[in-house]
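Provide a 3D model corresponding to the input given below.
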Amino acid sequence: GPRPHRAPEHPPGRTARRGHPPPRPMKRGADEAGMDEAVRASPPLPDAPPVAVVISGGAGQIAYSLIPLVLGGKVFGDDVRVSLRLLDIPPAAEALRGVAMEIQDATYDLLADLVVTTDPAVAFSGVDIAILLGGFPRKAGMERKELIARNVPIFKAMGEALRDHAKPDVRVLVVANPANTNCLMCMRFSGLPETSFSCLTRLDQQRLVGMICDRLSASSPSRTRMAPSSIRSAVVLGNHSSTQVPFSALAEVRTPDGGWQPLLPTLSDHDRAWLTGPELRGEVQTRGAAVINARKLSSALSAAAAVGLHVRDWVRGTGGEVVSMGVVARGLAAEYGVPDGIVSSLPVAISAAGEVRVVRGVALDDDTREALAASVRELEAERDDAMEVLGAAGSATVPGPSARL
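Numbers count the residues shown, from 1 in each chain. The predicted structure is shown next:
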């Protein structure tokens with residue numbers, strides 16, 4: 001493939017922070033030589049190896065909003081350097097070069113090195129984290145089956161590249177739609193453990209939380225905007241599609257003393273009916289389409305924010321919060337109605353070591369259970385469509401632990 005473009009590596013120490021006023025002039029005695037420079041400089045970054053991150057679709061809209069979060073310390077921490085690889089298709093090579101220029105011009109201290117390339121072998125070599133944004137987008141009039149047929153070969157290739165070049169303990173987040181089924185196909189061809197894969201449904205959760213905050217702010221006597229961080233553990237279930245199921249039974253609200261309490265009992269009857277009723281569900285399910293109708297482009301800024309939160313929590317833990325994550329279901333048919341091998345959004349808690357655990361003992365009301373069953377049927381249909389594509393291409397059987405469907 002084309003030779004990768006490498007941006008200059010930053011020096012190991014941090015430079016003076018741009019945009020901050022200079023320190024006041026100091027009298028320089030014999031013991032004060034260089035003190036102004038000490039005030040001006042930031043502490044050096046630790047010598048720990050950088051985390052290697054690949055972002056596919058690196059010249060796209062979501063990547064453009066995600067890169068500042070990754071290199072600004074919002075995802076891995078403000079003391080973790082990042083070896084960043086941006087991957088895109090050959091027609092986007094020049095756009096990738098422009099993104100590399102902007103990253104260099106933004107002077108991120110946390111950037112250990114940058115590679116932009118159209119070669120998956122280069123992009124995935126030794127990576128710790130893979131964020132797969134790139135896929136074939138749905139176009140007007142395109143049927144779901146056609147979209148799946150376009151994306152199966154893309155994610156087959158991504159899985160094979162991960163198998164051949166990534167670290168064995170790589171963590172893979174699939175964002176490109178249909179995210180759940182793309183995740184399943186990528187996993188199938190990677191030969192990596194199922195626990196290495198997830199798909200993005202955090203965006204749906206963030207939409208739900210934003211709508212809850214907007215509603216409760218309007219209901220407040222002071223009309224003061226409610227901080228989104230004051231709501232946690234409101235989640236979504238099922239497919240990342242218009243059949244997704246918002247679920248607020250686990251939601252908590254922050255108390256004045258900084259603790260947490262269940263959200264539903266604190267609400268008025270009117271707000272509680274709204275939170276558990278069809279109006280909010282419909283708004284969450286159609287939010288992506290509403291953004292497209294308004295912007296004439298799909299969600300990018302909010303999607304990037306959700307990706308950042310998803311990866312941050314996967315790497316650093318949720319600290320008691322329950323979050324939405326598309327994961328492979330195992331042993332959940334009785335409790336959630338999700339059969340083994342399906343990638344479904346489920347409520348999970350994540351340890352500080354990155355271990356993902358599906359929350360058990362959740363009582364689903366009849367309406368939620370029925371809606372989730374419909375979403376699962378859609379996921380099964382998508383899986384069957386993908387398997388039909390693979391069968392037509394002669395790739396239906398792949399050995400390895402991730403081939404279990």
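
pLDDT weak spots in this protein?
Along the chain, segments meeting pLDDT under 70 span 1-46, 394-405.

Dead centre of it: give me the residue that sits there.
Nearest residue to the geometric centre of the chain (Cα atoms, centre = their mean): residue 307, 2.4 Å.

Settle this for me: that one is touching residue 131, isn't it.
Yes: with contacts counted by Cβ atoms under 8 Å, residue 307 reaches residue 131, the gap being 6.2 Å. Every residue, glycine included, has its C-beta placed from N, CA and C.

Need the residues touching each of these two.
Counting by Cβ atoms under 8 Å, 6 or more residues apart in numbering, the shared contacts of residue 307 and residue 131 are 66, 173, 175.

any idea which of those residues is the one closest to residue 313?
residue 173 (11.0 Å; Cβ to Cβ).

How about the closest one, nearest residue that isn't a chain neighbour?
residue 131 (5.1 Å; Cβ to Cβ, 6 or more residues apart in numbering).

Please report the distance of the one you found from residue 202.
Distance of residue 131 to residue 202, computed by Cβ to Cβ, to the nearest Å: 12 Å.

overlap in contacts of these two?
residue 307.

Quick check: residue 144 touching residue 177?
No: the criterion here is Cβ under 8 Å, and residue 144 misses it with residue 177 at 10.1 Å.

Out of the two, name the residue with the larger neighbour count.
residue 177 (21 against 15; other Cβ atoms under 10 Å).

From residue 245, how far out is that one?
Distance from residue 177 to residue 245, by Cβ to Cβ: 18 Å.

next one: residue 90
40 Å.

between the shared contacts of residue 307 and residue 131, which is closest to residue 235?
Of the shared contacts of residue 307 and residue 131, the one sitting nearest to residue 235 (Cβ to Cβ) turns out to be residue 173, at 17.1 Å.

Where does the closest one sit: helix, strand or coil?
At residue 173 the chain is in strand, as set by DSSP: H, G, I helix; E, B strand; the rest coil.

Share the number of residues neighbouring it, please.
Residue 173 has 23 nearby residues by other Cβ under 10 Å.

returning to what we had before: what about residue 90 and residue 245, which has more around it?
residue 245 (25 against 11).

just checking, residue 267 touches residue 275?
Yes: shown here, residue 267 and residue 275 form a contact pair, counting by Cβ under 8 Å, at 6.6 Å.

What helices and strands are in contact with whatever helix or strand residue 373 lives in?
Element membership for residue 373, per DSSP states H and E: helix 366-392. Other helices and strands packing on helix 366-392, by 3 or more Cβ pairs under 8 Å, 6 or more residues apart in numbering; DSSP states H and E, are helix 144-165, helix 179-190, strand 235-237, strand 245-247, strand 343-350.

Buried residues, it. List them.
By neighbour count on 16 or more other Cβ atoms under 10 Å, the buried set for helix 366-392 is 368, 371-372, 375-376, 378-379, 382-383, 385-387, 389-390.

Reformat the residues you listed as TSV; add distance to residue 167.
As requested, the buried residues of helix 366-392 are arranged in TSV below (distance: Cβ to Cβ, whole Å):
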residue	distance to residue 167
368	38
371	38
372	35
375	33
376	32
378	33
379	29
382	29
383	28
385	32
386	26
387	29
389	29
390	26
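
rewinding a little: from the middle of its chain, how far away would the helix holding residue 373 be?
Chain-centre distance of helix 366-392: 22 Å, with Cα atoms, centre = their mean, to the nearest Å.

could you give the angle of that helix to helix 179-190?
40 degrees (axes from the mean of the first three to the mean of the last three Cα atoms, to 10 degrees).

Near residue 230, how many other residues are there?
The number of residues packed near residue 230 is 16, by other Cβ under 10 Å.

How about it, nearest residue that isn't a chain neighbour?
residue 254 is the one closest to residue 230 (Cβ to Cβ, 6+ apart), at 4.2 Å.

Does that neighbour touch residue 262 like I think?
No: at 11.8 Å, residue 254 does not count as touching residue 262 under the criterion of Cβ under 8 Å.

ok now do residue 85, which residues does it touch?
52-55, 58, 114-117, 122-124, 127.

Please identify which pair of those residues lies farthest apart.
Of all pairs drawn from the contacts of residue 85, the greatest distance, 15.5 Å, lies between 114 and 124 (Cβ to Cβ).
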